[in-house]
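In: Got a predicted model here, sequence first, then my questions.
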Amino acid sequence: TTADGSEQVVIFEEKITKVNGEVAIKRYQRGKFLGKGGFAKCYEATNLETKKVLAAKIIAKSSLTKNRARQKLISEIKIHKSLQNTNIVQFEHVFEDHENVYILLELCSNQTLNELIKRRKRLTEIEVQCYVAQIINALKYLHASNVIHRDLKLGNLFLNKSMELKLGDFGLATKLEFDGEKKRTICGTPNYIAPEVLDGKVGHSFEVDVWSLGVIIYAMLIGKPPFETPDVKTTYRKIRLNSYTFPEHVLISDAAKNLITRILNLDPVKRPTLDEIMAHPFMNTGGSIPKTLPLSTLACPPSAS
Ligand SMILES: COc1cc(C(=O)NC2CCN(C)CC2)ccc1Nc1cc2c(cn1)c(C)nn2-c1cc(Cl)cc(CCC(N)=O)c1
């Protein structure tokens, strides 16, 4: 805002030189600051021609001096650009100017499941079933495309204005080049990291996303992740020892406990597959699972009518 308090308008533009040498310019008006993650700052952005409102992840090139950060961004763009699924954040466009790299993505105006859990404390089982079904739809597509997300967590699960769940942030994702390939780089978010990733010796694969899904189911039903402690090293020890409990004061069904217990198996091959999770009694209550939940559930449980 300028001295007289008037709002300044920030425009960023893409200069496109066409094959016939003509220069076309696409202009975007930067809107509300949505948040930051890693080296990126995220804003609402309006395409001034189409009026479409997007989420613009803006990364200053000055923060990309280290090769590791550059490779991570290149990998994120390459993988995310190739994906198209109703439960994955749509990758719209990427371009750069002298100062920044601009990644234009589908705007999810109801933020992430992280904010939802902070607001609601915990979700009902029917809500968890609804979100789990959408996460599994995204993961089945991702794994069929030989991509492991590796950073599945509440903060990467977005809700758009129609309350559809969208998996985002492919900064730690990796694409397997051949069947049976195992990855070894240790990465992820402490609370959600699978034990075999921490182990580092045996290599890891798609099962790390199934482990993180188990952590997410526990966190949605209980209100916080199973291995959370104030200190990362202690969290890692609890993960390796498989040390977690279901608090007495939180009532959850035996089916929910059984599913979480089976997913949080230290041995990756013993974890259920995505199809087996969909076939588990917790996801098959006989009643139908809603495709999406009403906006009211951003504030209060669905049954409280
Ligand atoms: C209108 O849409 C949004 C609004 C908000 C929001 O209200 N944030 C408030 C802003 C004010 N502060 C004080 C509290 C949070 C947050 C996210 C929105 N939408 C929204 C945000 C999005 C995306 C889609 N859609 C995608 C894709 N990537 N990102 C993205 C990217 C980065 Cl680098 C950081 C963050 C914030 C942290 C997080 N994981 O939510 C988000």
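Out: That came through, no problem.
In: what does stretch 268-283 rub up against?
Out: 125, 129, 132-133, 136, 139-140, 143, 194, 196, 204-205, 207-208, 210-211, 213-214, 253, 255-256, 258-259, 262-263, 265, 284, 289 (Cβ atoms under 8 Å, 6 or more residues apart in numbering). Yep, even glycine has a C-beta here, placed from its N, CA and C like the rest.
In: do the same with stretch 107-115
Out: 44, 53-55, 89, 131, 153-161, 163, 165-166, 168, 216, 220, 295, 298.
In: tally of neighbours for the residue lying closest to G38 once chain neighbours are set aside?
Out: In this structure, G38 finds its nearest non-sequential neighbour in G171, 6.3 Å apart by Cβ to Cβ, 6 or more residues apart in numbering. Using other Cβ atoms under 10 Å, the number of residues around G171 comes to 23.
In: In contact with G171, which residues are there?
Out: Contacts of G171 (Cβ under 8 Å, 6+ apart): G38, K72, L73, S75, E76, D151.
In: Let's see that with 7 Å instead.
Out: Neighbour list for G171: G38, K72, E76, D151 [criterion: Cβ atoms under 7 Å, 6 or more residues apart in numbering].
In: Reformat those into JSON lines and put neighbour count next to each item.
Out: Listed next are the contacts of G171 as JSON lines, based on neighbours: other Cβ atoms under 10 Å:
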{"residue": "G38", "neighbour count": "15"}
{"residue": "K72", "neighbour count": "19"}
{"residue": "E76", "neighbour count": "22"}
{"residue": "D151", "neighbour count": "21"}
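In: Make JSON lines from those and add pLDDT to it.
Out: Output for these, formatted as JSON lines (pLDDT from 0 to 100):
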{"residue": "G38", "pLDDT": "90"}
{"residue": "K72", "pLDDT": "91"}
{"residue": "E76", "pLDDT": "96"}
{"residue": "D151", "pLDDT": "96"}
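In: Among those, name the ones in helices.
Out: K72, E76 (DSSP state H).
In: from the contacts of G171, which single one is nearest the ligand?
Out: The closest of the contacts of G171 to the ligand turns out to be G38 (Cβ to the nearest ligand atom; 6.7 Å).
In: interface residues of the stretch 51-200 of the chain facing the ligand?
Out: A55, K57, V89, L105, L107, C108, S109, Q111, T112, G155, F158, G168 (Cβ under 6 Å from any ligand atom).
In: Try it again at 5 Å.
Out: A55, V89, L105, L107, C108, S109, Q111, T112, G155, G168 (Cβ under 5 Å from any ligand atom).
In: So what does the last one look like in phi/psi?
Out: Note on G168: backbone dihedrals following degrees, to the nearest 10 are phi -130, psi -170.
In: pLDDT wise, what is it at?
Out: You'll see G168 listed with a pLDDT of 97.
In: can you check the fourth one too?
Out: Model confidence at L107, given as pLDDT, is 98.
In: so how far is V210 from it?
Out: The gap separating L107 from V210 is 29 Å, by Cβ to Cβ, to the nearest Å.
In: sorry, back to before: just the contacts of stretch 107-115: which are in helices?
Out: Going by DSSP H, the helices hold Y131, I216, M220 from the contacts of stretch 107-115.
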